[in-house]
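S.K.: just a sequence and a predicted model for now, questions to come.
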Amino acid sequence: MSAQDSTTVTQGESITVIADFNMPLAEIAWHANGFQHPWCNNEDTCEFESDQATTMKVQVKIKSEIQDTTGGFLGGRFAGFFPGEESQLLRETISLTWEEEETTSETTSDTSTTSTTSTADKRFVAVGDGGVASYSDDDGVTWTVANHNRGQMYSLVYAASKFVAVGRSGYGNYSMDGINWASADHNNGNMYGVAYGNGRFVAVGISGVASYSTGGISWTTSNHNNGNMYGIAYGNGRFVAVGNGGVSSYSTDGISWTTANHNNGNIYAVTYGNGRFVAVGESGLGTYSTDGISWTTANHNNGNIRAIAYGNGRFVAVGHGGLGTYSTDGISWTTANHNNGDMRAVTYGNGRFVAVGSVGRASYSTDGISWTTANHNNGVMAGVAYVDF
């Protein structure tokens, strides 16, 4: 379609707009509330994706030899093209009207961007080091590569209709479906944990850093200033973060933090379930709290555990060297090793626990006791989350 046409656009659908501006200008940018703002520098096609709960993708295909352009924007329900000062061409627009969402799978020609969506109604998604990501639509049994290509991601959560990942060196990502990813950097050092609650995403990391975001895309710094935090959970009206050296902190809003140390060595992960926060760590260490302020030691005594989740009436934790353990109350623990190398993340969804880790490893279990190997075969994964679309 050309720049002055109108069309009806389905949420999640891709359309191509040919900008026949026959002018010596260079860049097309899109500016609007709720949309990414990538630049198309001398590219044939560019794709832009909404960061809101529903997704619209618009491709801009440059017909003529464009060398420079000062702008264009996608706002409200229309797209506008604005030639630069060197061109006398008047503004041209296209109208875009929303329809009900449909799930489709599309592949464009060699000169355009490929976008893929799935008809799955549930999905496990894992992210990790070196830009790797994978997803599973069959309860963690088989996995498909869908790399985010954005450095090292250490934690993942699904909330507010999107997957949000945080990681090293200020990097962050988000995805509506776990397949197509966009950058959303927090720009605040190394983040190792992210959680959602009280209408916002909150991430914590080492050297006292923390950030929050209402949409998981634009982030604001709100440092906890309490050492190295590796895990965070939301429950009982507050965020609780835990870390090594006995440190922990809590916050009702993810902005203002209060120190409430657990004083139990190096703790790497925390979750909320059954009316309490339960945290686990290295060398058999564990601790629990009903409010995230006062903590009680409840060691699991099963080596180095790196991740914990709650589901099906129990806490399930996994770790290095095939280790695993479970508890109905977070106090008394029973060993139930997964025997599949080093696991770094675990979550619960659709009636099962799914764990992911290093060197392509993954396992699943309906009860957290008996585990089945189902490797993702895609590098080192450090975060996993589930969605029921």
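M.R.: Perfect, thanks for sending it.
S.K.: what's the mean pLDDT across stretch 204-220?
M.R.: Averaged across stretch 204-220, pLDDT comes to 96.
S.K.: C-alpha coordinates for that stretch, PDB please?
M.R.: Output in PDB follows, covering the C-alpha atoms of stretch 204-220 (Å, rounded to 0.1, in the frame of the first residue of the first chain):
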ATOM      1  CA  VAL A 204      17.500  -6.100  41.600                       C
ATOM      2  CA  GLY A 205      21.200  -6.800  41.200                       C
ATOM      3  CA  ILE A 206      24.600  -6.600  42.600                       C
ATOM      4  CA  SER A 207      26.300  -3.500  44.200                       C
ATOM      5  CA  GLY A 208      23.000  -2.200  45.500                       C
ATOM      6  CA  VAL A 209      21.300  -1.600  42.200                       C
ATOM      7  CA  ALA A 210      17.600  -1.800  41.600                       C
ATOM      8  CA  SER A 211      15.200  -0.500  39.000                       C
ATOM      9  CA  TYR A 212      11.400  -0.400  38.400                       C
ATOM     10  CA  SER A 213       9.100  -0.100  35.400                       C
ATOM     11  CA  THR A 214       5.300   0.000  35.000                       C
ATOM     12  CA  GLY A 215       5.500  -1.500  31.500                       C
ATOM     13  CA  GLY A 216       8.800  -3.400  31.500                       C
ATOM     14  CA  ILE A 217      10.200  -1.200  28.800                       C
ATOM     15  CA  SER A 218      11.200   2.200  30.300                       C
ATOM     16  CA  TRP A 219      13.000   1.800  33.600                       C
ATOM     17  CA  THR A 220      13.800   4.100  36.600                       C
END
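S.K.: for that stretch, which positions count as buried?
M.R.: 204-206, 208-213, 215-217, 219 (16 or more other C-beta atoms under 10 Å). The C-beta positions use only the backbone N, C-alpha and C, and glycine is treated the same way.
S.K.: quick one: residue 380 from residue 194, how far?
M.R.: Using C-beta to C-beta, to the nearest Å, residue 380 is found at 18 Å from residue 194.
S.K.: higher neighbour count, these two?
M.R.: The neighbour comparison of residue 380 against residue 194 (other C-beta atoms under 10 Å) goes to residue 194, with 29 against 17.
S.K.: using CSV, write out every CA atom in the host helix or strand of the more buried one.
M.R.: Here residue 194 sits within strand 191-197, counting by DSSP states H and E. What follows is strand 191-197, C-alpha atoms only, in CSV (Å, rounded to 0.1, in the frame of the first residue of the first chain):
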residue,chain,number,x,y,z
MET,A,191,20.5,-7.3,37.4
TYR,A,192,19.9,-10.9,38.6
GLY,A,193,16.3,-11.0,39.5
VAL,A,194,13.0,-9.5,38.3
ALA,A,195,9.5,-9.8,39.7
TYR,A,196,6.1,-8.2,39.1
GLY,A,197,3.6,-6.9,41.7
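S.K.: can you list the strands that that strand pairs with?
M.R.: Using DSSP bridges, the strands paired with strand 191-197 are strand 200-205 (antiparallel).
S.K.: so residue 127 sits in a helix?
M.R.: No: per DSSP: H, G, I helix; E, B strand; the rest coil, residue 127 lies outside any helix segment and is strand.
S.K.: hang on, the earlier thing: quick one: mean pLDDT for the strand holding residue 194?
M.R.: Mean predicted confidence for strand 191-197 is 98.
S.K.: wait, isn't residue 383 in contact with residue 148?
M.R.: No: taking contacts as C-beta atoms under 8 Å, residue 383 lies outside contact range of residue 148: 10.7 Å.
S.K.: list residues touching both of the two?
M.R.: Shared contacts of residue 383 and residue 148, defined by C-beta atoms under 8 Å, 6 or more residues apart in numbering, are found at 127, 165.
S.K.: pull the CA atoms of the helix or strand hosting residue 307 into CSV?
M.R.: In this assignment (DSSP H and E), residue 307 forms part of strand 305-311. Below are the C-alpha coordinates for strand 305-311, written out as CSV (Å, rounded to 0.1, in the frame of the first residue of the first chain):
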residue,chain,number,x,y,z
ILE,A,305,20.5,-24.7,45.1
ARG,A,306,20.0,-21.8,42.6
ALA,A,307,16.3,-21.5,41.9
ILE,A,308,12.9,-22.1,43.6
ALA,A,309,9.3,-22.1,42.6
TYR,A,310,6.0,-22.7,44.2
GLY,A,311,3.1,-24.8,42.7
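S.K.: tell me the strands beside it, with direction?
M.R.: strand 314-319 (antiparallel).
S.K.: dump the partner strand to CSV, restricted to CA.
M.R.: The C-alpha coordinates for strand 314-319 follow below in CSV (Å, rounded to 0.1, in the frame of the first residue of the first chain):
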residue,chain,number,x,y,z
ARG,A,314,4.8,-27.3,47.4
PHE,A,315,8.1,-25.5,47.1
VAL,A,316,10.5,-27.0,44.6
ALA,A,317,14.1,-26.0,44.3
VAL,A,318,16.8,-27.0,41.9
GLY,A,319,20.6,-26.5,41.6
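S.K.: what's the next secondary structure element after it?
M.R.: Assigned by DSSP H and E, the successor of strand 314-319 is strand 324-327.
S.K.: for that following strand, packing partners?
M.R.: strand 314-319, strand 334-335 (3 or more C-beta pairs under 8 Å, 6 or more residues apart in numbering; DSSP states H and E).
S.K.: pLDDT weak spots in this protein?
M.R.: Along the chain, segments meeting pLDDT under 70 span 1-119.
S.K.: which residues touch the nearest residue to residue 364 once chain neighbours are set aside?
M.R.: Excluding the flanking residues, the one nearest residue 364 by C-beta to C-beta, 6 or more residues apart in numbering is residue 140, at 4.1 Å. Contacts for residue 140 were tallied using C-beta under 8 Å, 6+ apart; they are 124, 352, 354, 362, 363, 364, 374.
S.K.: ok, residue 162 touching residue 216?
M.R.: Yes: between residue 162 and residue 216 there is a contact under C-beta under 8 Å: 5.8 Å.
S.K.: just to revisit the earlier point, mind telling me what element the residue nearest to residue 364 is part of?
M.R.: Residue 140 belongs to no helix or strand when assigned by DSSP H and E.
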